[in-house]
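Trainee: pasting a predicted model and its sequence here:
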Protein chains: 2
Amino acid sequence: MARKADPERSAARREAITQAAAKLFAERGFENTSAAEIAKAAGLSSGSVFYYFTDKRALFRSVFERDLPMSRELVQRCTAGEDPVASILAMVDELAVEAMDPIAPGILVEVLRQAGKDPDLMRVIAENTAILHEGFATLVERGIRTGAIDPALDPRETAEWIQVVIDGAFLSADPDRDPRPMLRRLITRFLSRPCDPAGKPA
Amino acid sequence: MARKADPERSAARREAITQAAAKLFAERGFENTSAAEIAKAAGLSSGSVFYYFTDKRALFRSVFERDLPMSRELVQRCTAGEDPVASILAMVDELAVEAMDPIAPGILVEVLRQAGKDPDLMRVIAENTAILHEGFATLVERGIRTGAIDPALDPRETAEWIQVVIDGAFLSADPDRDPRPMLRRLITRFLSRPCDPAGKPA
DNA sequence: GTCTATAGGGGGATAGAC
DNA sequence: GTCTATCCCCCTATAGAC
């Protein structure tokens, strides 16, 4: 029985607003989604939205602040593996699964657009990118040392390009189509030494 | 000396508005760019903008309608070559050069967002994508027949993935960095038969 | 054709009751 | 904490003079 200042109920409310906002922002865009619409979708009034969030941009940021712990966990888990190339592919696979979320393309596009206008959001996004970048770069470097990855590659630049390909996959994601097989082919061959058969040639 | 209804002056005006709009839309987004700002940048009044374009969306579309003839020409020129893989790389190279335009990431993001809201714009974009898609698919098929490309690949799906990679490169384009070398590596290896050295192993 | 002025509508954020 | 009501700014698109 909620007494006062129930922090659980409060957190649940915030989360409900964030989720409703994510869906609407992805479908209709930031500027074309009014606080009133978000409030309605979350089952409360527009006044309450501004009780939980100082303004609309803060609400938008909350969508991505949720991702930071997930990215950290993903990198930590994947950099623990033995085989660097397999670990990279595991990371890519997991990120690709997120791309199959129906709202993924919309929300990616929207965040890129808004990041240029909101320095706070920019920081959140940059941190998320940096976390993944570090993970990929570490694994690429490790792969070069073990000889599984082409030593002609620069680890940081290679990490960036892996992210470029993933971003591309997010952009044109189709919930009905699993991007992972082709992503694996792209990345495996991108990383491999000039004439080696990739990883396991089957 | 311009007499009346000078069609040249008129076209130049339209073009000036379109160019100013492209820059501002890319930098600040569609909704955050007012007709007055575009007018000012193009050196006329907001009323005149609506003399040349029925509404703001039509103005946005005009930015991309310019691209259609360019894409057609590009495909025609590149499908005329002898070596299919080299032709694909030539197409990718040319598209990548466009990605080095400072406004490229912004305008790509913006068009993806707006295409979902404006069926007319959607048609323009779909046609441009289709033109490039046909070009790539034709070349992939040709490459499979000549034995230069892995026959395990489906031409249309492969064409889509080439475009995915290009879109990714556009998204994170940096005017100071030439994406072409890495794009070439990605695509060459993506296409090649399982154990062949890519194209020219040097 | 190009301008100025404005009608007309929408929505972010707040005030204040409950 | 949650609501309703509303202030106030901005912007698209048009009207009408020149």
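Mentor: Alright, I've got the coordinates.
Trainee: when you work out contacts or count neighbours from here on, use the C-alpha atoms and nothing else.
Mentor: Noted.
Trainee: show me where pLDDT drops low in chain A?
Mentor: For chain A, applying pLDDT under 70 flags the ranges A:1-5, A:196-202.
Trainee: contact residues of it facing DNA strand D?
Mentor: Neighbours of DNA strand D within chain A, by CA under 7 Å from any atom of the strand: A:4-7, A:10, A:13, A:43-48, A:51.
Trainee: so which residues of chain A form helices?
Mentor: Secondary structure of chain A (DSSP state H): helices located at A:7-28, A:35-42, A:46-52, A:56-65, A:67-78, A:84-99, A:104-115, A:119-146, A:155-171, A:180-191.
Trainee: in JSON lines, list the ones you listed along with distance to B:Ala152 and mean neighbour count.
Mentor: Formatted as JSON lines, the helices of chain A follow (distance: least, CA to CA, whole Å; neighbours: other CA atoms under 10 Å in any protein chain shown):
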{"stretch": "helix A:7-28", "distance to B:Ala152": "36", "mean neighbour count": "18"}
{"stretch": "helix A:35-42", "distance to B:Ala152": "47", "mean neighbour count": "19"}
{"stretch": "helix A:46-52", "distance to B:Ala152": "53", "mean neighbour count": "15"}
{"stretch": "helix A:56-65", "distance to B:Ala152": "39", "mean neighbour count": "18"}
{"stretch": "helix A:67-78", "distance to B:Ala152": "30", "mean neighbour count": "15"}
{"stretch": "helix A:84-99", "distance to B:Ala152": "21", "mean neighbour count": "20"}
{"stretch": "helix A:104-115", "distance to B:Ala152": "28", "mean neighbour count": "22"}
{"stretch": "helix A:119-146", "distance to B:Ala152": "27", "mean neighbour count": "19"}
{"stretch": "helix A:155-171", "distance to B:Ala152": "21", "mean neighbour count": "22"}
{"stretch": "helix A:180-191", "distance to B:Ala152": "12", "mean neighbour count": "20"}
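Trainee: which of those sits closest to chain B?
Mentor: Evaluated over the helices of chain A, closeness to chain B peaks at helix A:155-171, with 3.9 Å, by CA to the nearest CA.
Trainee: which helices and strands sit right next to the closest one?
Mentor: The contact analysis (3 or more CA pairs under 8 Å, 6 or more residues apart in numbering or on different chains; DSSP states H and E) places helix A:155-171 against helix A:84-99, helix A:104-115, helix A:119-146, helix A:180-191, helix B:155-171.
Trainee: what angle do it and helix A:104-115 make?
Mentor: Compare the direction of helix A:155-171 with that of helix A:104-115 by axes from the mean of the first three to the mean of the last three CA atoms, to 10 degrees and you get 120 degrees.
Trainee: chain center to helix A:155-171, what's the gap?
Mentor: Helix A:155-171 sits 12 Å away from the centroid of its parent chain (CA atoms, centre = their mean, to the nearest Å).
Trainee: would you mind extracting the C-alpha trace of that helix into PDB?
Mentor: C-alpha atoms of helix A:155-171 as PDB (Å, rounded to 0.1, in the frame of the first residue of the first chain):
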ATOM      1  CA  PRO A 155      42.400  -1.300 -34.300                       C
ATOM      2  CA  ARG A 156      40.600   2.000 -33.600                       C
ATOM      3  CA  GLU A 157      39.700   2.700 -37.300                       C
ATOM      4  CA  THR A 158      38.600  -0.800 -37.700                       C
ATOM      5  CA  ALA A 159      36.300  -0.500 -34.600                       C
ATOM      6  CA  GLU A 160      34.800   2.600 -36.200                       C
ATOM      7  CA  TRP A 161      34.000   0.800 -39.400                       C
ATOM      8  CA  ILE A 162      32.400  -2.100 -37.600                       C
ATOM      9  CA  GLN A 163      30.200   0.500 -36.000                       C
ATOM     10  CA  VAL A 164      29.500   2.100 -39.400                       C
ATOM     11  CA  VAL A 165      28.300  -1.200 -40.700                       C
ATOM     12  CA  ILE A 166      26.100  -1.800 -37.700                       C
ATOM     13  CA  ASP A 167      24.600   1.700 -38.000                       C
ATOM     14  CA  GLY A 168      23.800   1.000 -41.600                       C
ATOM     15  CA  ALA A 169      22.100  -2.200 -40.600                       C
ATOM     16  CA  PHE A 170      20.100  -0.400 -38.000                       C
ATOM     17  CA  LEU A 171      19.000   2.200 -40.500                       C
END
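Trainee: quick one: contacts for A:Leu191?
Mentor: A:Ile149, A:Asp150, A:Leu153 (CA atoms under 8 Å, 6 or more residues apart in numbering or on different chains).
Trainee: out of those residues, who has the most neighbours?
Mentor: A:Ile149 (27 neighbours; other CA atoms under 10 Å in any protein chain shown).
Trainee: was I right about that one contacting A:Val140?
Mentor: Yes: with contacts counted by CA atoms under 8 Å, A:Ile149 reaches A:Val140, the gap being 7.0 Å.
Trainee: any common contacting residues for those two?
Mentor: A:Val85.
Trainee: got the helices of chain A as a markdown table, with distance to DNA strand C columns?
Mentor: What follows is the helices of chain A, written out as a markdown table (distance: least, CA to the nearest atom of the strand, whole Å):
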| stretch | distance to DNA strand C |
| --- | --- |
| helix A:7-28 | 10 |
| helix A:35-42 | 4 |
| helix A:46-52 | 4 |
| helix A:56-65 | 4 |
| helix A:67-78 | 22 |
| helix A:84-99 | 27 |
| helix A:104-115 | 14 |
| helix A:119-146 | 14 |
| helix A:155-171 | 25 |
| helix A:180-191 | 36 |
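Trainee: B:Ile103: which of those is closest?
Mentor: Using CA to CA as the measure, helix A:104-115 is the one of those that comes nearest B:Ile103, at 12.4 Å.
Trainee: and that closest one, what does it pack onto?
Mentor: Here helix A:104-115 touches helix A:7-28, helix A:119-146, helix A:155-171, helix B:104-115, going by 3+ CA pairs under 8 Å, 6+ apart.
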